[in-house]
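[1] sequence first, then the predicted structure, then my questions.
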Amino acid sequence: RCPPQLAQDGGGMFVYNSGDVSLERASFSECMAGVDGGGLFVDNSSDVSLDGASFSECTATAKAGGGMVVVNSGDVSLDGASFSDCTALHGGGMFVDNSGDVSLDGASFSECTAGFAGGGMVVVNSGDVSLERASFSECTAG
């Protein structure tokens with residue numbers, strides 16, 4: 001569970017200008033950021049890999065990625081990640097911009113909400129997007 005104070009970016013974890021980011025079975029619960037990445041924010045880093053990570057009730061109040069944001073980075077790979085009840089203006093669950101290929105295997109998005117676009121997820125200005133066994137349930141936008 002994240003601390004009650006509000007971070008600007010990455011309410012649970014902030015990674016900047018780093019090598020590969022690899023998280024296994026990490027849990028982000030009730031995290032909040034004032035701008036981007038309620039649970040996790042990764043910027044200007046190499047590949048991002050999450051195996052079995054969960055994001056629950058995370059919020060980015062001003063911008064993007066209630067659960068997580070990845071910008072200006074390498075490939076993004078999520079295996080068995082889950083996003084539930086996450087909220088942001090863009091990409092309620094996750095937001096990826098200006099990064100490499102995005103691959104989701106067995107990822108689930110439920111009841112995530114975006115004020116404008118992508119209740120579950122948004123991917124822009126990035127490489128190929130691959131979804132295998134991904135599910136979106138009761139996500140809304142706009």
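    Right, received. Where do you want to start?

[2] who does the helix or strand of the chain with the lowest mean pLDDT touch, helix- and strand-wise?
    Using mean pLDDT, DSSP states H and E, strand 7-9 stands out as the lowest-scoring helix or strand of the chain, at a mean of 87. Packing partners of strand 7-9 (3 or more Cβ pairs under 8 Å, 6 or more residues apart in numbering; DSSP states H and E): strand 32-36. (Each C-beta comes from the backbone N, C-alpha and C, glycine too.)

[3] give me the sheet partners of the strand it packs on and which way each runs.
    strand 7-9 (parallel), strand 59-60 (parallel) (DSSP bridges).

[4] after the longest one, next one along is what?
    Going down the chain from strand 7-9, the next helix or strand is strand 13-16, by DSSP states H and E.

[5] then that following strand to PDB, C-alphas only?
    C-alpha atoms of strand 13-16 as PDB (Å, rounded to 0.1, in the frame of the first residue of the first chain):
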ATOM      1  CA  MET A  13       7.700   4.000  -7.700                       C
ATOM      2  CA  PHE A  14       9.600   6.500  -9.800                       C
ATOM      3  CA  VAL A  15      12.400   5.300 -12.200                       C
ATOM      4  CA  TYR A  16      14.300   7.800 -14.300                       C
END
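
[6] ok, and what's touching stretch 121-139?
    Stretch 121-139 is contacted by residues 64, 75-76, 83, 90-114, 119-120 when judged by Cβ atoms under 8 Å, 6 or more residues apart in numbering.

[7] can you tell me which of those are in strands?
    76, 83, 90, 94-97, 102-105, 108-110, 113-114 (DSSP state E).

[8] any of these buried? List them.
    Applying 16 or more other Cβ atoms under 10 Å to the ones in strands among the contacts of stretch 121-139, the neighbour count classes 76, 83, 90, 94-97, 102-104, 108-110, 113-114 as buried.
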